[in-house]
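1. Sequence unavailable; structure follows:
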């Protein structure tokens, strides 16, 4: 008979012992090191005996301890789950008897609510177990990194996506303070999912001025859509100048409510509301799951594909671009390169390369240490300056290496120095941009910058090729 038994305080040492055996088994998938006593570190172990929100259970079979589980409410994704299955194992002697599957199902049944389960993609038995155990709850998948995936589901809506769709209330809402606060919180959860290139949580000003449509289920917000009316400023291949259209800024559904028809109901409610004044509905997407989102918009919502930008990151081992070849070493002890903050005395050199800022702006960059000079053999050969995008993200406005010194690695050295400086100041993301017809885009992509959108300016006198936005986590 299967039982779930709370771990008693006097069983602390027993739990420690079996957890060590489990952690050792997990070294097949993680590079965890043992200490001098042969133990693997587990930082939250003591918390399972002091934190009332954490729960440690023994899995018992016919009166014998067959495994254990650690449960807490602390999200891996930035969401707000009721339960997170932090650790779970059935000992080898009890495997192949379906004990793990029965134990998992019993845990879910006795603890209704929103769940998260993280597994390692290389741990195939665990992957198979969790997909099978969560299948009745229609889980959504979120890839955390190269090897870890999180399943997100709600045991209160098991096997009944139609019921959720039918029970969801869709309405247009005025942006009061409570709603704004909840939408900002949900957008933070969306950012934490890391499911869209370059997405960042909203501020109040991002939402103000939009029409807001909200989906509620069991008195909680399950998703939202907001956007606003615009008029086409010029004739394009799909609409004439002056045509009114509704621009969908965001459409988001919480992971546990996806595949339940919530997104479609939100879109249809919006479509009905704006049909009297808009001739078109427009939207853009930067999702990483492009196949699913295109199916949703094209097949389910009957939208028409217009245009897209795509990218491909080349694998390691591809021929290195000439720009990065023969880069001088940056070790201070044996190389002639020097990178430093720009000084007032650099004004003459600076303006020989950069005529895009005024002398006053240059002096401000110097005072704020937002400009750099790279020297080779005591001669300045290049420069870099930056500003703050959204007042919070370092943005490289200009990188310039003088003629005759290009394609020798100075640009890469300068960018990498700037990135290191930004990281030391507490930033974890940097950005830059380049025109679509410039080769610099390939330089930045080779430095692991990722495309995160682009734009053109539809104003007379500002015509230029599309500006590409790029970003990099540091």
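-> Great, that's in hand. If you're wondering where the values come from, they're calculated on a predicted model, not measured in any experiment.
2. Find the residue at the geometric middle of this structure.
-> Geometric centre of the chain, nearest residue: residue 194, 1.7 Å, by C-alpha atoms, centre = their mean.
3. what distance separates stretch 13-21 from the middle of the whole chain?
-> From the chain centre to the centre of stretch 13-21 is a distance of 35 Å (C-alpha atoms, centre = their mean, to the nearest Å).
4. Actually, stretch 291-303.
-> For stretch 291-303, the distance to the chain centre is 22 Å (C-alpha atoms, centre = their mean).
5. And the helices in the stretch 101-250 of the chain, which stretches?
-> Assigned by DSSP state H, counting those that start in this stretch, the helices in the stretch 101-250 of the chain fall at 124-134, 161-167, 177-193, 204-207.
6. Quick one: closest of these to residue 235.
-> Nearest of the helices of the stretch 101-250 of the chain to residue 235, taken as C-beta to C-beta: helix 204-207 at 29.1 Å. Quick note: C-beta positions are derived from backbone N, CA and C, even for glycine.
7. how far away is residue 429 from residue 394?
-> From residue 429 across to residue 394, the span is 8 Å (C-beta to C-beta, to the nearest Å).
8. Surely residue 3 is in a strand?
-> Yes. Assessed by DSSP: H, G, I helix; E, B strand; the rest coil, residue 3 belongs to a strand.
9. Surely it is in contact with residue 62?
-> No. At 9.1 Å, residue 3 and residue 62 do not qualify as touching, with contact defined as C-beta atoms under 8 Å.
10. Below-threshold pLDDT in the chain: ranges please.
-> By pLDDT under 70, the low-scoring segments of the chain are 157-165, 315-336.
11. host element of residue 366?
-> helix 359-367 (DSSP states H and E).
12. if we can go back for a sec, now do the contacts for the residue nearest to the centre of the chain.
-> 144, 288 (C-beta atoms under 8 Å, 6 or more residues apart in numbering).
13. Leaving out sequence neighbours, find the closest residue to residue 199.
-> Once flanking residues are discounted, residue 199 sits nearest to residue 191: 5.6 Å by C-beta to C-beta, 6 or more residues apart in numbering.
14. picking that back up, so residue 3 and residue 62 - more neighbours on which side?
-> residue 3 (15 against 9; other C-beta atoms under 10 Å).
15. and the more buried one, what are its bridge partners?
-> Residue 3 has these beta-bridge partners by DSSP bridges: residue 60.
16. show me the contacts for it.
-> Contacts of residue 3 by C-beta under 8 Å, 6+ apart are 59, 60, 61.
17. can the helices of the stretch 101-250 of the chain go into CSV with extra columns for distance to residue 27?
-> Shown next, in CSV, are the helices of the stretch 101-250 of the chain (distance: least, C-beta to C-beta, whole Å):
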stretch, distance to residue 27
helix 124-134, 14
helix 161-167, 39
helix 177-193, 28
helix 204-207, 44
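18. got the ones you listed as JSON lines, with mean neighbour count columns?
-> As requested, these are exported to JSON lines (neighbours: other C-beta atoms under 10 Å):
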{"stretch": "helix 124-134", "mean neighbour count": "16"}
{"stretch": "helix 161-167", "mean neighbour count": "15"}
{"stretch": "helix 177-193", "mean neighbour count": "16"}
{"stretch": "helix 204-207", "mean neighbour count": "14"}
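19. Residue 434 pairs with what?
-> Beta bridges link residue 434 to residue 468 when assigned by DSSP bridges.
20. Apologies, that question was intended for residue 114.
-> Here residue 114 sits in beta bridges with residue 154, going by DSSP bridges.
21. Go ahead and confirm it touches residue 154.
-> Yes. Here residue 114 lies in contact with residue 154, judged by C-beta under 8 Å, at a distance of 4.8 Å.
22. what touches both of those two?
-> With C-beta under 8 Å, 6+ apart, residue 114 and residue 154 have common neighbours residue 256.
23. Residue 340 - how many residues pack around it?
-> Considering only other C-beta under 10 Å, residue 340 is surrounded by 12 other residues.
24. that older thread, give me the buried positions along the helix holding residue 366.
-> 362, 365, 366 (16 or more other C-beta atoms under 10 Å).
25. check contacts around the closest residue to the second one other than its chain neighbours.
-> In this case it means residue 365. Take residue 365 and drop its neighbours on the chain: the residue closest to it by C-beta to C-beta, 6+ apart is residue 371, 4.0 Å away. Residue 371 is in contact with 341, 342, 350, 362, 365, 383, 384, 385, 386, counting by C-beta under 8 Å, 6+ apart.
26. what does the host helix or strand of residue 352 rub up against?
-> Using DSSP H and E, residue 352 sits in helix 347-353. Helix 347-353 has contacts (C-beta under 8 Å, 6+ apart) with 342, 359, 362, 371, 373, 380, 382, 383, 400, 402.
27. Tabulate those (CSV), appending secondary structure and distance to residue 415.
-> Output for the contacts of helix 347-353, formatted as CSV (DSSP: H, G, I helix; E, B strand; the rest coil; distance: C-beta to C-beta, whole Å):
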residue, secondary structure, distance to residue 415
342, coil, 16
359, helix, 25
362, helix, 20
371, strand, 14
373, strand, 14
380, strand, 17
382, strand, 10
383, strand, 12
400, strand, 12
402, coil, 16
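28. dump the residue contacts of residue 31.
-> Contacts for residue 31 (C-beta under 8 Å, 6+ apart) come out as none.
29. Touching, the residue nearest to residue 199 and residue 77? I think so.
-> No. Taking contacts as C-beta under 8 Å, residue 191 lies outside contact range of residue 77: 10.2 Å.
30. What's the separation between residue 310 and residue 83?
-> In terms of C-beta to C-beta, residue 310 sits 38 Å off from residue 83.
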